[in-house]
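Engineer: The sequence and its predicted three-dimensional model are supplied below.
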Amino acid sequence: MNESQEENVDLQEIDSSSEKGLTRQRVNVEKVLPDYRVTKLSDHLETIKGYYVLGNNKKEGLKYTDFKGVVDFHEQKVSGLNKFLESIGLIKVIKGKPGHYLPTEKLIDFQRSLEWGDEAKAKQILRDILKDTWFFNSVNSLLRMKNKASLEVLVNKLGLDSGAKKGLHDNSLKILIGYLKYVELIREEEGEYLLSDSVQSTEHFEDVQPAGKTFTDRDTVRQEPNQPKPIKPASEQKNSDMSAHSQITLSINIPSDITEERLDVLFRKIKEHFIAK
């Protein structure tokens, strides 16, 4: 079979082994969704690991047929995951060679962290990637409005935002929620989903609006001994007295995995909103 024939098989999702249930119905959607036939997040993670293991020094890229015997499910389903994994930046297609993919540095960093037992770092890498996806933005906006929602409500929200087909793409949408739960952007509590505490606390401070002026050092007037203080207008004196005697006590919960950039934003917002007011 030549490359053009092989590419055709990949795009058409035809099962050359005649295994039942592998033919994938093709439906145009507005967003890239993972193959609805791959119903477990563990199979996604196994595919990611496969790209890490097989992709070393594989300059020509990997085809879905390279995964035969590597993953625990039919290798053809890998082709149904490729576009999704590419869309979130974990693999990249070889230019001029459709159907041939290589792992990105982000995938390599993620899998290497898992390989060395640092699951927290691995999740942070993937979490930073997923924060910029359409499906996190969709879930994030809903949960910020409702505080919590059932799996069905989240699936319906993602279905509307992606143009998915009801019933056909339900598994694809549930996998997206599984990704967000795995990296701890959302959490499940008594059958309902909420934003994780780290997301809530970080976004709370990002929503603080500036007070309308930037923070500057306060002007100080050096007084000589026995020299009377200059008399200020009543309005200025009142504001000065308030500044001198007012105190703000602020309790902040900062997530342990917050980035330096977000920490800078947090303290800048505090200065603008409270100190410079």
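Structural biologist: Right, received. Where do you want to start? Keep in mind the model is a prediction, meaning the values are calculated, not measured.
Engineer: can we go C-alpha only for contacts and neighbour counts from here?
Structural biologist: Will do.
Engineer: okay, now the domains of the protein?
Structural biologist: The record's domain parsing of the chain by automatic domain parsing lists 3-115, 122-195, 196-218+248-277.
Engineer: Would you mind putting the ones you listed into CSV with mean neighbour count and mean pLDDT alongside?
Structural biologist: CSV is the format used below for these (neighbours: other C-alpha atoms under 10 Å; pLDDT from 0 to 100):
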stretch, mean neighbour count, mean pLDDT
domain 3-115, 17, 83
domain 122-195, 17, 97
domain 196-218+248-277, 13, 61
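Engineer: and the gap between residue 93 and residue 52?
Structural biologist: 15 Å (C-alpha to C-alpha, to the nearest Å).
Engineer: Same check on residue 196?
Structural biologist: 29 Å.
Engineer: remind me, longest strand of the protein?
Structural biologist: If you go by DSSP state E, the chain has its longest strand at strand 97-103.
Engineer: who does that strand touch, helix- and strand-wise?
Structural biologist: Secondary-structure packing of strand 97-103 (3 or more C-alpha pairs under 8 Å, 6 or more residues apart in numbering; DSSP states H and E): helix 3-12, helix 41-54, strand 91-94.
Engineer: Let me have the longest one in CSV, keeping just the CA atoms, if that works.
Structural biologist: Once side chains and other backbone atoms are set aside, the C-alpha atoms of helix 41-54 remain, and they are given as CSV (Å, rounded to 0.1, in the frame of the first residue of the first chain):
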residue,chain,number,x,y,z
LEU,A,41,-9.3,8.7,29.3
SER,A,42,-6.7,6.0,30.1
ASP,A,43,-6.7,5.1,26.4
HIS,A,44,-5.9,8.8,25.6
LEU,A,45,-3.0,8.7,28.1
GLU,A,46,-1.8,5.4,26.6
THR,A,47,-1.8,7.0,23.2
ILE,A,48,0.2,10.0,24.5
LYS,A,49,2.7,7.6,26.1
GLY,A,50,2.9,5.7,22.8
TYR,A,51,4.0,8.9,21.0
TYR,A,52,6.6,9.5,23.7
VAL,A,53,8.0,6.0,23.4
LEU,A,54,7.8,5.6,19.7
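Engineer: what about stretch 82-100, how long is it end to end?
Structural biologist: 9 Å.
Engineer: Same question for stretch 68-81.
Structural biologist: 15 Å.
Engineer: in which helix or strand would I find the closest residue to residue 121 other than its chain neighbours?
Structural biologist: Excluding its sequence neighbours, the residue lying closest to residue 121 (C-alpha to C-alpha, 6 or more residues apart in numbering) is residue 113, at 6.4 Å. Assigned by DSSP states H and E, residue 113 belongs to helix 105-115.
Engineer: Check the gap between residue 81 and residue 43 for me.
Structural biologist: According to C-alpha to C-alpha, residue 81 and residue 43 sit 10 Å apart.
Engineer: What helices and strands are in contact with the helix holding residue 113?
Structural biologist: Taking 3+ C-alpha pairs under 8 Å, 6+ apart as the contact cut, helix 105-115 packs with helix 41-54, helix 119-130.
Engineer: where along the stretch 101-250 of the chain do the helices fall?
Structural biologist: With DSSP state H, counting those that start in this stretch applied, the stretch 101-250 of the chain shows helices at 105-115, 119-130, 134-146, 151-162, 170-182, 197-206, 234-245, listed in chain order.
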